[in-house]
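[1] All I have is the shape, not the residue letters:
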C-alpha cells in the first residue's frame, strides 16, 4: 500500500509539474510610432546673438543676458495637452552644471528657464503654447581666469516632448 501511495503521489506531482509547464504563454507587444504633432520654431535653427563687443571684465553671469526666442508650433487640428520642453546638451561646462561649453576655453553660457538655472534633460511643462517657458542665456566664466579675446559659439538642443 505504501508503494501504491508513493506511486500516486509521484504521478500527481509529475502531472502538476507538467500542467504548470503547459500553462506558459507567449507574449507579444505592439505599438505605433508617430511623429510629434508639435515642433520648436518649425525645426529651424534658433540664433542667439550676444553682439560683437562683450567686455571680458563684465562676463559675470548677469551682464549680456539674452532671450532665446522660439515658439511651439502644432499641426492644425491638434489640441496640445501635457506638452513640455526639454533642453539638452552634449557639452555642459565643468564649472557650472546649468551652462553649456562654448568654443572658448573657460567660457560658458548659463541657461535659465523661467528665471531659474536649467536642469539639462528635465521636462518643463508648457501651460500655453502661445507663451512657452522663457529661456535665457548669459555668458559665464570659470573662476577668476582671464578670458582671451575672440569670437565664440555654442549649441544646445531644445525639443518639445510629452509630460
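    Here it is on my side, so go on. Given the structure is predicted, the values throughout are model-derived calculations rather than measurements.

[2] For the residue most central in space within the chain, which three-state class applies?
    Nearest to the geometric centre of the chain sits residue 121, at 2.9 Å (C-alpha atoms, centre = their mean). Three-state assignment for residue 121 (DSSP: H, G, I helix; E, B strand; the rest coil): coil.

[3] How many neighbouring residues does residue 29 have?
    When counting by other C-beta atoms under 10 Å, one arrives at 4 neighbours for residue 29. C-beta: built from backbone N, CA, C; applies to glycine.

[4] in what helix or strand does it lie?
    Here residue 29, judged by DSSP states H and E, is contained in no helix and no strand.

[5] any idea how far it is from residue 162?
    Noted for residue 29: a distance of 20 Å to residue 162, by C-beta to C-beta, to the nearest Å.

[6] just residue 37 next, same as before
    Relative to residue 162, residue 37 is positioned 10 Å away (criterion: C-beta to C-beta).

[7] who has more neighbours, those two?
    A count of neighbours by other C-beta under 10 Å puts residue 37 above the other of residue 37 and residue 162, at 15 against 11.
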